[in-house]
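Colleague: missing the sequence, but the structure's below:
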């Protein structure tokens, strides 16, 4: 059984193969219509369950399209459809779903929900996001960096903002892919203690980005945050906005990434998001290719 639960629990050699396979599959689809099937169909006759306790645009569309391009079919289930853990146990849900489908992707809140699903499922489980990590996003980010600027090993990556679940997966990736990771943000929003030792801290964002090969940020507020939390976050993070002045401190060929959706003029300005350093839409596209490689890896294809 091969799950894809987190970057730090996946062998380095497997991670490298997933990135390389994603780049190969993307190149093979050049000039091909979006809905056209791949040359080979590794998911032919396969059914994939896509479970969304947390709503999504990029995750839902990219997984759905990816499955179809590889010849498979999807069944999209919402938290309301399933009521995970509120009626039938997650363990029983996992056992039942495994009788119907060949692969499960779950985007949920609590990490334990993902872990329970993986423990009791008899088919591979993929982490589409939890409150603690977002490994598929970071696999797409690594792919995007290497597509533009070559191997990420030894490079300097700077995260500006909130030490959230996306940052956590960047920290896991820093160890597995051997690059330097710098966090710049206010102390109340530091990453969780379990990540200590995987990154360094520089409170001054202008000092942090000196010599950076990649600058990354994420939204300051979640769709589930109350208004009071939104106002507090804005006050805490205003000095960590990625703008043209900040990007000018990075290397001339530095890239800018944001996993989207973005609140323009908050965590990043439109001048940066639409500027010469930005690869945010390549990054969004590469969710499709990276996740196709992840699914193939999980199914041994």
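Modeller: Perfect, I can see it now. Computed from a predicted structure; not experimentally measured.
Colleague: any chance you could map the strands in the chain?
Modeller: 47-52, 73-78, 103-107, 125-129, 156-160, 180-184, 200-201, 214-217, 255-258 (DSSP state E).
Colleague: so where's the protein shaky on pLDDT?
Modeller: Scanning the chain with the threshold set as pLDDT under 70 gives 85, 223-224.
Colleague: circling back: out of the strands of the chain, which gets nearest to residue 143?
Modeller: Residue 143 lies closest to strand 255-258 among these, at 11.3 Å (C-beta to C-beta). Quick note: C-beta positions are derived from backbone N, CA and C, even for glycine.
Colleague: that closest one - contacts with which helices or strands?
Modeller: If contacts are counted by 3 or more C-beta pairs under 8 Å, 6 or more residues apart in numbering; DSSP states H and E, strand 255-258 sits against helix 135-149, strand 214-217, helix 270-273, helix 280-298.
Colleague: hey, which of the ones you listed is tucked in deepest?
Modeller: Mean neighbour count (mean count of other C-beta atoms under 10 Å) peaks for strand 214-217 among the helices and strands packed on strand 255-258, with a mean of 28.
Colleague: how far off centre is that one?
Modeller: 14 Å (C-alpha atoms, centre = their mean, to the nearest Å).
Colleague: neighbouring strands of that strand in the sheet, and parallel or not?
Modeller: strand 156-160 (parallel), strand 255-258 (parallel) (DSSP bridges).
Colleague: format those strands as TSV; extra columns: mean neighbour count and distance to residue 97.
Modeller: Listed next are the strands paired with strand 214-217 as TSV, based on neighbours: other C-beta atoms under 10 Å; distance: least, C-beta to C-beta, whole Å:
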stretch	mean neighbour count	distance to residue 97
strand 156-160	25	35
strand 255-258	26	33
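Colleague: mind putting the ones you listed into JSON lines with distance to residue 228?
Modeller: JSON lines is the format used below for the strands paired with strand 214-217 (distance: least, C-beta to C-beta, whole Å):
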{"stretch": "strand 156-160", "distance to residue 228": "23"}
{"stretch": "strand 255-258", "distance to residue 228": "25"}
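Colleague: indicate which one of these is closest to residue 167.
Modeller: strand 156-160 (5.2 Å).
Colleague: what residues are up against residue 94?
Modeller: Listed by C-beta atoms under 8 Å, 6 or more residues apart in numbering, the contact partners of residue 94 are 104, 116-121, 125.
Colleague: can you say which of those are buried?
Modeller: For those, a neighbour count by 16 or more other C-beta atoms under 10 Å gives the buried set as 104, 116-118, 120-121, 125.
Colleague: and those, which two are the farthest apart?
Modeller: 104 and 116 (11.9 Å).
Colleague: now residue 57. Nearest residue, chain neighbours left out?
Modeller: residue 261 (7.2 Å; C-beta to C-beta, 6 or more residues apart in numbering).
Colleague: list the contacts of residue 19.
Modeller: By C-beta under 8 Å, 6+ apart, residue 19 lies in contact with 139, 142-143, 146, 290, 293.
Colleague: since that was my last question, I'll sign off now.
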